[in-house]
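> Sequence and predicted structure, then a few things I'm wondering about:
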Amino acid sequence: MARTTISDFVIWAKQIHDDEDLGQRIAALNAGQTIDLVVDGVRGVWRKMDDGKDGRPTRGVRPLGQAQVFWRALYESRRGDVVTVELPVDETRPAGERAMVFPPMARTEEERRAALQALLDAGRQGWRSDGRRMTRDEMHERG
C-alpha cells in the first residue's frame, strides 16, 4: 500500500512512497485523464494536471468533486501527516479497459488557439435584436 504526505492541494507522483508502480502510473497519465484513488480509505476521482506552459508534463493529480472536499479538509486539519493511497480493486485493470470521466484535453498549441478563437467567436453567432436598445435605467423604469 502506497503512502504520501499531505503537503499540497494535489498529490505529486514523486511523493508517493512504498509503491513505485502507482507513482509511475500517475506520472504516465495524459493531461486531463482521470484516475480513481482511495486516499485514507476514501475513494474519489483525481485528474492529471495540465502540462506546463513550456510543454513539460506536470507529474501530479488534483482531486475532483467530493475528493476535493475531502482532500482540502485533510490539508487544513492534518497537513504534514502521512496517509495511504491505493487503487480501488476494479482499477487494477489496464487503463485502456476503463472509461474516462474526462477525455484528454487539447495538447498542441494549434488546438489551444483554435479552441480560444472558437470561444471568442461565439458571441458573433447568436441571435441579435435589431429593435430599440435601452439603457439599464430605462429597463428598470419600465418594470
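Cool, the structure landed.

> Look up phi and psi at the most centrally placed residue in the chain.
Closest residue to the average C-alpha location of the chain: residue 47 at 3.9 Å, with CA atoms, centre = their mean. Per-residue torsions, residue 47: phi -110, psi 130 (degrees, to the nearest 10).

> do the one 3 residues further on as well
For residue 50, the backbone dihedrals are phi -70, psi 150 (criterion: degrees, to the nearest 10).

> for residue 79, what are its contacts?
Taking CB atoms under 8 Å, 6 or more residues apart in numbering, we find residue 79 in contact with 6, 7. In short, each C-beta sits where N, CA and C put it, glycine included.

> and with 6 Å instead?
Residue 79 makes contact with residue 6, according to CB atoms under 6 Å, 6 or more residues apart in numbering.

> Give me the mean pLDDT for stretch 55-75.
Taken as a whole, stretch 55-75 has an average pLDDT of 92.

> about what we covered before: just to check, the residue nearest to the centre of the chain is in contact with residue 33?
No. Using CB atoms under 6 Å, residue 47 is not in contact with residue 33; the gap is 7.3 Å.

> in a helix, that's where residue 76 is, yeah?
Yes. Counting by DSSP: H, G, I helix; E, B strand; the rest coil, residue 76 is part of a helix.
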